[in-house]
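Q: Need coordinates for the following:
(chains A and B)
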Number of protein chains: 2
Amino acid sequence: MQPTGQQLIGQQTVAAHGAPIQAIDPATGERLEPIYAGGSAAEVERACALAEAACDAYRETSLEARAVFLDTIASEIEALGDAPIERAMAETGLPRARLEGERGRTCGQLRLFAAVVRAGEWLDVRIDPALPERQPMPRADLRQRHIALGPVAVFGASNFPLAFSVAGGDTASALAAGCPVVVKAHSAHPGTSELVGRAIQRAVEKCKLPEGVFSLLFGSGNEIGQALVADPRIQAVGFTGSRRGGTALMKTAQARPQPIPVYAEMSSINPVFLLPEALAARGSEIAEGFVASLTMGAGQFCTNPGLVIGVKGPALDAFLAAAGEAVRGSAAQTMLTPGIHAAYEDGVGQLAGEAREIARGPAGEGPHQCQAALFAARGADFLQSEALQAEVFGAASVVIECADLAEMRAVAEALEGQLTATLQLDDGDLDAARALLPALERRAGRVLANGWPTGVEVCHAMVHGGPYPATSDARSTSVGSAAIQRFLRPVCYQSLPAGLLPPALRDGNPLGVTRLVDGQRES
Amino acid sequence: MQPTGQQLIGQQTVAAHGAPIQAIDPATGERLEPIYAGGSAAEVERACALAEAACDAYRETSLEARAVFLDTIASEIEALGDAPIERAMAETGLPRARLEGERGRTCGQLRLFAAVVRAGEWLDVRIDPALPERQPMPRADLRQRHIALGPVAVFGASNFPLAFSVAGGDTASALAAGCPVVVKAHSAHPGTSELVGRAIQRAVEKCKLPEGVFSLLFGSGNEIGQALVADPRIQAVGFTGSRRGGTALMKTAQARPQPIPVYAEMSSINPVFLLPEALAARGSEIAEGFVASLTMGAGQFCTNPGLVIGVKGPALDAFLAAAGEAVRGSAAQTMLTPGIHAAYEDGVGQLAGEAREIARGPAGEGPHQCQAALFAARGADFLQSEALQAEVFGAASVVIECADLAEMRAVAEALEGQLTATLQLDDGDLDAARALLPALERRAGRVLANGWPTGVEVCHAMVHGGPYPATSDARSTSVGSAAIQRFLRPVCYQSLPAGLLPPALRDGNPLGVTRLVDGQRES
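A: Residues are numbered from 1 along each chain as shown, chains lettered A, B, ... in the order given. Just a heads-up that it's a prediction; the model follows:
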C-alpha cells in the first residue's frame, strides 16, 4: 500500500488541484513523492454535505456497532503493517521505535473509546419519572441523554503523526461520541495521513456505515481549514498546534452565524517547581530527569518542561551546573520539519535576548537538528517579561532563580494557563507545596509530583487540557476517555411515547447503562 | 426589612453614585423608592478582588459546609417573609401567587443544589492506580476531580425576579460548584434584588465564609456588566435575557486576553408541531392548551410557544378558529416593564407585516398590558422570512400552514436552535413524529410530546438549553442539577503524596462519593 496523493471524500478518492503539498524528509531534505495538492471549497462543501447526511444515522448506531467500528479502525491501521511507520519516519524524522509506540497508542486509544462507548456512561442517562399526583402541580416524565453535536472538523497535529493526527485522539473521541469527522491533514505528513485515512475509509465500508462518517482533505495554507470551520454543518473543532493557529480557528468559529465550540490545544511551558528540600537532597538526579524530559523527541511535546523555578542558592547553582552538563551531553535530534526547526532557532534567539545562556547541546550533523538550549533568568525578570513565558517548541528551557519562596509563589501566580505543573518535592517540602498547590490547580490541567510532564497516559483520569492559552476550553481534555464529552450535548425528552424514546431512555434499561433515577445512581 | 438603595460588596453595603436606577410599577406607572444608582469601575474591581480572594478557600469548603451554605441562603430568603414578594409585585407587576410559587422554586432550587453538592457526583472522581510493573512503561498514579472555574458573573433576568435573578439558578449552581459570585442586578427589580442579596450576605456571614463569596452590583446601562465580564478575575458568566444582550457579552468574553465561557440563555420561539391525527381528533382541545400556555404570565417565558406548525386543511382551520377565539377571550396582563411592553408591541407590529392576523386579545385597562396576538403564515413564507423566526417576547405566536408533511419537515430543518420543540401527536402520528425527531433533537434542548413547553421542572433530567441562538453553549443547561457542570473543570493529579491530595481523591474514599476506578464505576 503506497500513498497515491489523493483526498478521501466519503468512499471516494478525489484528486485535488490546489497549491502543491510535498512532504520533506527533515533528516535529508529530500522531497517525498507523491506530490499532494490542496483541496477546493467545493470539496470542503462535499465532505461536509456527506458528513451531515451521515449524521443522524451514525449518531444513532447501537453502542456495539459504534464500538465495533472503532475496533475495526484499529485493526485496519494494524493491517497496514510497516507502510505508515516507514512513511512517517520519512515525513517526520521520528525514529521507528517512537512511531511503533505511537501506533500502539493510537490503536489502544481507539479500543479504549470502543470500551467507553460500550459502557455507555457518556450517555449520562437521567430519568425523573412522572409524578401525576404531585401538588400543587404534577411532574411530567423527564428523561435526559447526551447526543452527538454533529459533524466535527479535526486538524492533524505535526508532532504526533499517528496518535494526534488522522485517526488520533480527536477523531477517536468524536467518532465515539457519534459525530462524523472531516479531517484536515497536516501538510507535514500527507502520505502518513492518506494511509491512515484509507484504513478508516475501509473500516467505514466494512461496518456498512454511511460514507460521510469520514473524509480527509488536504490544504497547504489556512484556506481549507478556515472554510471547514466556517461551514455551517460543522458543529465542533478539534485542533492541536500553535497558539496562532488555534486562536485563528477560535475567531472563525465565533464569527459564524452560529458560533461553535473549538477545542484547541495550543501552547504550554509546563513549569517545574524545585522545592528546597528536594533540590538540596537530589538536585543532580532531578537535573538528569529534567534534561531527559526536555530533550526527549527533540523536545517536540506539548508537555515539554520549558520552565523550571527554584530558589537561588548553592543548591540551584549545582542543579544548573548538572543540567547544563546534561544538555551539553545530549544528542542533537532531527526536528519534524524545516519550518519547526527554523522557528525553534528563532525562539532560542529570543530567549537569549532575555536570559543568560547556561548551555547549548551539540550541533547536529544533519540538517534541521535540534540543538538543546538551557537558559537562566531572575524571578524578578520573569515577572516583568512576557517573552520568558512564550513557548519555544523544542528542547529549550529557562530556569528561573527566585529570591525566596514568596517570589516562587509570585511566579506561579503570574503564569498563564498550562497543560501541566510539576512539583519536585521531598517530605520536608509539603508545606511549601501546599502553599503553591491552589495557584497551580487554577492554572494547569494536570499537577504532578516527582515526575516529568512528558508522557501523557491515555486513561480515564487523564486531563490533557488547561486554562487558556494552554487550550481554548479549560473544561475539557483532549487525551483520555473524558475527551468524548467535548462532542456531546444533553437533550431532555418530556412525556415521549415509548415508541419514540431512544433505547438508552426506555423503561427496563435495555442498554444496561448506569442511570440517575430521581437523583439516585443506578448502576 | 426595606430596601435601602445600596450595593452589597462582600459584607459591606456601599452607596453607588452612577446614573440613577428607579424601578417602575408597571401596573400603575408609579416610580418606586428608593432610587438606586449605578456602581463604578472601582466597585467592580473591589467585588472581583474580594471574589478572587475568597475563591481558593471557598472552593475547598467541605461538601457539607457548602451544602449548609446553600440551605442557609434558602432559609434566609424564607425569613424575609412577605417583603420580597410585595416588593417584586410592585416592581414586576407579577401576581402574588406566581411570586410565592417562584420563591418556593428558588428555595427548592437552592436545596436541590445542596443535595447535589452532598452527593458529590459533580466531582467526577476518576482514579487510575499506578501500575509500576507495566511493560514497556510503568503507569503513574493518576487521579482526577472537578474544581470550580473561579469567580462567576451572574446577570439577573427580568422575567424571574426570584428564580433567575440574584439567588436564582445561575447563582445557586455557581455557588454549588464552589465559585464565588458577583451578581449584576437587573435594573427592573433593584429592590427585590437588594432584599434577596442581603439574605445571601447574611448566609455568608452565618456560615463564616470569606466575604467575597457574594457581591451585588447595580448598573443602569451596559457599562458595569461589560466591566464585570472583562475583569480578568471573572472566569465564567451566567446570563438570561435578550439575544442582543447575550451576544454582546459573548463578544466581550471572547475579546479578553483570556477568553472565558458565557452561558447566555437568549431567545427561542419553541415550535409546536401539530401532527395530523392529533389535530383532527382534538384540535380544539389543543388550541385551548396552546393559548393557555401562550398567554400564561403575559407570555413572558423563555419557553413561550411562539410558533405552531400544522398542515393546511379543515382541521388546521378549525384549530385557528378555536385558538383565535381563545386569544380574543384571554385577559390582558401587565407586562414586566414599560420597555418590555413597548418591545412587544413593536414585535407584534413586525409580525403583522409578515403574517395575517388571526386574533388579538382584548386591550387592557391599565398601562403596559399585553394584548395577546395570533398570526398565520404559509410554510413557504416561513422558509423565506427571517422575521418569522424572530422571538417576540410576550403572548404572540404565529401558526405556520404547511402544504404537506414534507414542508413541515422543511420548516423543522430551517429552524434556528431552540430551548424546546413540542409534538402534538396521537398513535397514528408516530411515523410522522419519528421522521421529525432527528431534526428536533439537533435543534432543541428539550423535546416534548402532548404537553406545553412553559413550566420548566427543576430536576435532574431537565435541559433548559439548546443550540445557538437559544443559548450560547448547547453543551449545558441553566435549569436543573446538571447546571452545576457549567462552572467546573477537570484537574488531574499525578503521583501526588497522600498529604497533598484533596479529600475527594484520597485512598479509602473518605467523602464516600461515586468514583470511576480503572474504568469501573464504584458507587
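Q: Domains in chain A, by residue range?
A: Residue ranges for the domains of chain A, per automatic domain parsing: A:7-22+A:36-266+A:474-486, A:271-449.
Q: A:A332 is in contact with A:G93, correct?
A: No - taking contacts as CB atoms under 8 Å, A:G93 lies outside contact range of A:A332: 11.5 Å. All C-beta atoms are positioned from the backbone trio N, CA, C, and that covers glycine.
Q: Could I get the domains of chain A in JSON lines, plus columns for mean neighbour count, distance to chain B and mean pLDDT?
A: Formatted as JSON lines, those follow (neighbours: other CB atoms under 10 Å in any protein chain shown; distance: least, CB to the nearest CB, whole Å; pLDDT from 0 to 100):
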{"stretch": "domain A:7-22+A:36-266+A:474-486", "mean neighbour count": "22", "distance to chain B": "4", "mean pLDDT": "97"}
{"stretch": "domain A:271-449", "mean neighbour count": "21", "distance to chain B": "4", "mean pLDDT": "97"}
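Q: got those domains as JSON lines, with distance to B:E64 columns?
A: Below are those laid out as JSON lines (distance: least, CB to CB, whole Å):
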{"stretch": "domain A:7-22+A:36-266+A:474-486", "distance to B:E64": "24"}
{"stretch": "domain A:271-449", "distance to B:E64": "21"}
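Q: For B:S193, find the nearest of the ones you listed.
A: With CB to CB as the measure, domain A:7-22+A:36-266+A:474-486 is the member of the domains of chain A nearest B:S193 (26.6 Å).
Q: what's the distance between that closest one and the middle of its chain?
A: 12 Å (CA atoms, centre = their mean, to the nearest Å).
Q: how long is that domain end to end?
A: 27 Å (CA to CA, to the nearest Å).
Q: Over to stretch A:74-90?
A: 22 Å.
Q: Name all residues that make contact with the residue lying closest to A:E265 once chain neighbours are set aside.
A: Nearest non-adjacent residue to A:E265, counting by CB to CB, 6 or more residues apart in numbering or on different chains: A:T240, 4.5 Å away. The contact partners of A:T240, by CB atoms under 8 Å, 6 or more residues apart in numbering or on different chains, come to A:155, A:157, A:159-160, A:164, A:170, A:264-265, A:302, A:478.
Q: now the end-to-end length of stretch A:392-405.
A: The first residue of stretch A:392-405 is 26 Å away from its last residue (CA to CA).
Q: Could you do stretch A:261-271 as well?
A: Distance between the two ends of stretch A:261-271: 28 Å, counting by CA to CA.
Q: what are the ranges of the helices in the stretch 101-250 of chain A?
A: Per DSSP state H, counting those that start in this stretch, the stretch 101-250 of chain A carries helices over the ranges A:169-177, A:190-206, A:223-230, A:243-255.
Q: Including distance to A:A41, could the ones you listed go into a markdown table?
A: Shown next, in a markdown table, are the helices of the stretch 101-250 of chain A (distance: least, CB to CB, whole Å):
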| stretch | distance to A:A41 |
| --- | --- |
| helix A:169-177 | 23 |
| helix A:190-206 | 19 |
| helix A:223-230 | 6 |
| helix A:243-255 | 14 |
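Q: Quick one, which of those helices gets closest to B:V116.
A: Nearest to B:V116, of all those, is helix A:169-177, at 24.8 Å by CB to CB.
Q: Which other helices and strands does the closest one contact?
A: helix A:63-79, helix A:96-119, strand A:152-155, strand A:181-184, strand A:236-240 (3 or more CB pairs under 8 Å, 6 or more residues apart in numbering or on different chains; DSSP states H and E).
Q: any chance of those in TSV, with distance to A:A315 too?
A: Output for the helices and strands packed on helix A:169-177, formatted as TSV (distance: least, CB to CB, whole Å):
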stretch	distance to A:A315
helix A:63-79	48
helix A:96-119	34
strand A:152-155	43
strand A:181-184	48
strand A:236-240	37
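Q: I'd like to know which of those is closest to B:G353.
A: strand A:236-240 (37.4 Å).
Q: now the closest one and helix A:243-255, what's the angle there?
A: 170 degrees (axes from the mean of the first three to the mean of the last three CA atoms, to 10 degrees).
Q: what angle sits between strand A:236-240 and helix A:223-230?
A: Using the same axes, to 10 degrees: strand A:236-240 against helix A:223-230 is 140 degrees.
Q: Dump strand A:236-240 to CSV, keeping only the CA atoms.
A: The C-alpha trace of strand A:236-240 is given here as CSV (Å, rounded to 0.1, in the frame of the first residue of the first chain):
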residue,chain,number,x,y,z
ALA,A,236,-17.2,21.5,16.7
VAL,A,237,-13.5,21.6,16.0
GLY,A,238,-10.6,19.6,17.4
PHE,A,239,-7.1,21.1,16.9
THR,A,240,-3.6,20.6,18.3
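Q: mind listing what it pairs with, with the direction of each?
A: Sheet pairing for strand A:236-240, assigned by DSSP bridges, gives strand A:152-155 (parallel), strand A:262-265 (parallel).
Q: Check the burial of the nearest residue to A:P367 once chain neighbours are set aside by counting its neighbours.
A: Spatial nearest neighbour of A:P367, chain neighbours left out: A:G29 (5.3 Å); criterion: CB to CB, 6+ apart. Other residues lying near A:G29 total 11 when counted by other CB atoms under 10 Å in any protein chain shown.
Q: Wasn't A:W452 part of a helix?
A: No - read with DSSP: H, G, I helix; E, B strand; the rest coil, A:W452 is coil and lies in no helix.
Q: was I right about it contacting A:N304?
A: No - using CB under 8 Å, A:W452 is not in contact with A:N304; the gap is 9.5 Å.
Q: Overlap of the contact sets of the two?
A: Common neighbours of A:W452 and A:N304 (CB under 8 Å, 6+ apart) are A:S293.
Q: Please name the residues that touch the nearest residue to A:V196 once chain neighbours are set aside.
A: Nearest non-adjacent residue to A:V196, counting by CB to CB, 6+ apart: A:V166, 4.3 Å away. Counting by CB under 8 Å, 6+ apart, A:V166 touches A:154, A:156, A:183, A:185, A:192-193, A:196-197, A:200, A:216.
Q: now do 10 Å
A: A:8, A:77, A:84, A:106, A:154, A:156, A:181, A:183-186, A:189, A:192-200, A:214, A:216 (CB atoms under 10 Å, 6 or more residues apart in numbering or on different chains).
Q: cool, and A:R360?
A: By CB under 10 Å, 6+ apart, the neighbours of A:R360 are A:324, A:327-328, A:330, A:348, A:352, A:371-375, A:396.
Q: Among those, which pair sits farthest apart?
A: Maximum distance among the contacts of A:R360 (CB to CB): 18.0 Å, for A:S330 and A:A352.
Q: any idea how far A:L149 is from A:Q235?
A: Distance of A:Q235 to A:L149, computed by CB to CB, to the nearest Å: 4 Å.
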